[in-house]
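Peer 1: Generate coordinates for the sequence data below:
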Amino acid sequence: MPEWKVPGYTELKVLGSGGFGDVVLARHDASGTLVAIKYLHGDLLADQEFAGMFRGEATVLASLDDPNVVRLYEYVESPSGAAIVMELIGGVSLREILAYQGKTTAEAALVVLQGSLLGLAAAHRRGVVHRDYKPENVLVNGDGISKLTDFGIAARTGDHPVPAGTLLYAAPEQIAGAPASPASDVYSATATFFECLTGRPPFSGQTAAELVRQHQSEPVPLDPVPEPLRPLVAAGMAKDPWRRPTDASSFVTELGTVASGAYGRHWHDRGRSHLGEAALLLAALWPSGPPPAVQGTAMHRIPLRRHARLRHLSRVNAAIAAGVAIAVVAAGTALAVTRNSPYRPSAADHPLTVQSVSLQPSTTSPSSSSSLSSPPTISPSPSPSTISPSPSGPATTAPPLSGAFNNSGISDDADSAAGNLDGGGYSYSAQALAAAGLSPGASVTHDGLTFTWPDAAAGAPDDMLASGQTISVSGSGTLGFLGASDYYGSSGTGTITYTDGTTQSFTLSLADWWANTATAGGDIVATVPYMNTSTGRMNQQVSVYYAAVPLQAGKTVQYVTLPNISQTAVQGSPSMHIFAVAVSS
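Peer 2: Numbers count the residues shown, from 1 in each chain. Here you go, the predicted structure:
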């Protein structure tokens, strides 16, 4: 048992232990509710990297109130230690099911993927990328309901964390060190879906280097996949992230259509039944009591530079094998013991670089079983949270959007080098946009809002790189944006200031202009058949998107502070481009 204990709980038994800490089964004294408590070793609390990682995981869990994600009840920190109190799942991990029966039915695999995508969608809406989706991190209860867990290496969309994840399931761009993107989670979820359908991961290289090569260049072997589901696997595991569904929400919609067409209206009921039977069977194999609840986390760290210096990790001995640093990470968040399986990767170095999030210590606990649906007790300090940073306040005066354009994202076909949307010399074609109704100064009506497309000559500033600027906007009802992101899409938090001085936070998400699929809640305004590069025309479809924010009833907006995504357009780094803003009245 841990040396320090969270007050108000009676600990029943240790469910798992590792170099980072222990996870115990405990009963809440006031209500009798069973919970899992994840402790960080006291000496690691003094390590800023580990403490920041632990608080960061708690912050992510606190922000996600979704039935498809394991819930956090409270985060407690004292000079003696730190702990996360979380939901105990009466079931087993998906890894357990696959280890015992090899694969699932197609309907069960679809149910697992659907539930996990819904959990990922909740994270993506909060601007969080999981980065380590795998069978170990999906929990299934006796009703066949799956829940997503272990946000230990999560990152904000668009951030540049050290490459991490589990190589059997990691997306090519995640391995390469690209900014964190929801599309990477879609890839990992689809790779797990593949394993559910076939009984093995899509790639099974014997070394880390071989796995990296397979993810980056080898086609996904679709022959073992049931024919109706091959398009889902092909789309979700496309090598280029912009050719995948841009986030989990859009993939859920596609999944439902395919599943109903292939397996009929009741595919979901049958799939849940199969999953529930498997979970109950495995739970019955435990000698007594509820299924134990914790597993380790296995990750690989892929250095971006040949001579990259490994961060010092206490309790972790670094080793080099095939150019990949490998070390042990244990006591992950998941609440189900994972036995060894033929495809479980070797444990690996935890590479996460997370800024510390200061949380107020809390001793408030669930007072009754009904309190499990109440918000978790976790309070950020006045400093901005690394999961959802607060933008700076608006100026007392601000220019309109058209008076603050700072980027040239549209070029003339005859002078294609004059535009540079993404820092790599790529731009929209003025002629292609005009053919779609987006000509300079044109009125564009969408979803009841009327926008004015930038009245700028091709090659002149025509969009705003969202970097925390404040612009003047007047009206009430609905606030709308026309724009796009580059390099995997982006999402961020902005602030609306009303004429009465009150403010409203909002999240703005725009898909990658190459994706041609809008983010959840958004729309495509126009898709054009080609774009321009610095050397001429390129036959690549690109899109302009619409996103809307409902305004508070009866109030008039005065200023809008945009999300702080990127100060400049840099090749390989996500940025958000705003071409037009409108208010419904």
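
Peer 1: May I have the beta-bridge partners of residue 11?
Peer 2: residue 26 (DSSP bridges).

Peer 1: Tell me how many other residues crowd the closest residue to residue 102 other than its chain neighbours.
Peer 2: Leaving aside its sequence neighbours, residue 102 sits nearest to residue 199 (Cβ to Cβ, 6 or more residues apart in numbering; 4.2 Å). Where you see a C-beta, it was placed from the backbone N, CA and C, and this is true even at glycine. Close neighbours of residue 199, defined as other Cβ atoms under 10 Å, add up to 15.

Peer 1: Residue 199 contacts residue 99, doesn't it?
Peer 2: No: counting by Cβ atoms under 8 Å, residue 99 is not a contact partner of residue 199; they are 10.3 Å apart.

Peer 1: what's the domain layout of the protein?
Peer 2: Domain assignment of the chain by automatic domain parsing yields the ranges 9-88+356-373, 91-291, 401-583.

Peer 1: Would you single out the least confident of those?
Peer 2: Mean pLDDT is lowest for domain 9-88+356-373 among the domains of the chain, at a mean of 69.

Peer 1: How much space separates the residue nearest to residue 102 from residue 101?
Peer 2: For residue 199, the distance to residue 101 (Cβ to Cβ, to the nearest Å) stands at 9 Å.

Peer 1: tally of neighbours for residue 499?
Peer 2: For residue 499, using other Cβ under 10 Å, the count is 12.

Peer 1: Give the full set of residues in contact with it.
Peer 2: By Cβ atoms under 8 Å, 6 or more residues apart in numbering, the contact list for residue 499 reads 555, 556, 557, 558.

Peer 1: Could you rerun that using 7 Å?
Peer 2: Residue 499 makes contact with 556, 558, according to Cβ atoms under 7 Å, 6 or more residues apart in numbering.

Peer 1: distance of it from residue 36?
Peer 2: The gap separating residue 499 from residue 36 is 48 Å, by Cβ to Cβ.

Peer 1: what does residue 456 give?
Peer 2: Residue 456 is 56 Å from residue 36, by Cβ to Cβ.

Peer 1: what do you get for residue 272?
Peer 2: Plainly put, residue 272 is 24 Å away from residue 36 if you go by Cβ to Cβ.

Peer 1: How about the contacts made by the closest residue to residue 529 other than its chain neighbours?
Peer 2: Excluding the flanking residues, the one nearest residue 529 by Cβ to Cβ, 6+ apart is residue 541, at 5.9 Å. Listed by Cβ under 7 Å, 6+ apart, the contact partners of residue 541 are 516, 527, 528, 529.

Peer 1: Would you check how far apart residue 406 and residue 399 are?
Peer 2: Residue 406 is 11 Å from residue 399, by Cβ to Cβ.

Peer 1: hang on, I meant residue 242
Peer 2: 32 Å.

Peer 1: higher neighbour count, the two?
Peer 2: Between residue 242 and residue 399, counted using other Cβ under 10 Å, the more crowded position is residue 242 (22 against 13).

Peer 1: Help me confirm that the more buried one comes into contact with residue 511.
Peer 2: No: at 8.5 Å, residue 242 does not count as touching residue 511 under the criterion of Cβ atoms under 7 Å.

Peer 1: Look up the pLDDT of residue 301 for me, please.
Peer 2: Listed pLDDT for residue 301 reads 26.

Peer 1: Quick check: bridge partners of residue 528?
Peer 2: Going by DSSP bridges, residue 528 forms beta bridges with residue 542.
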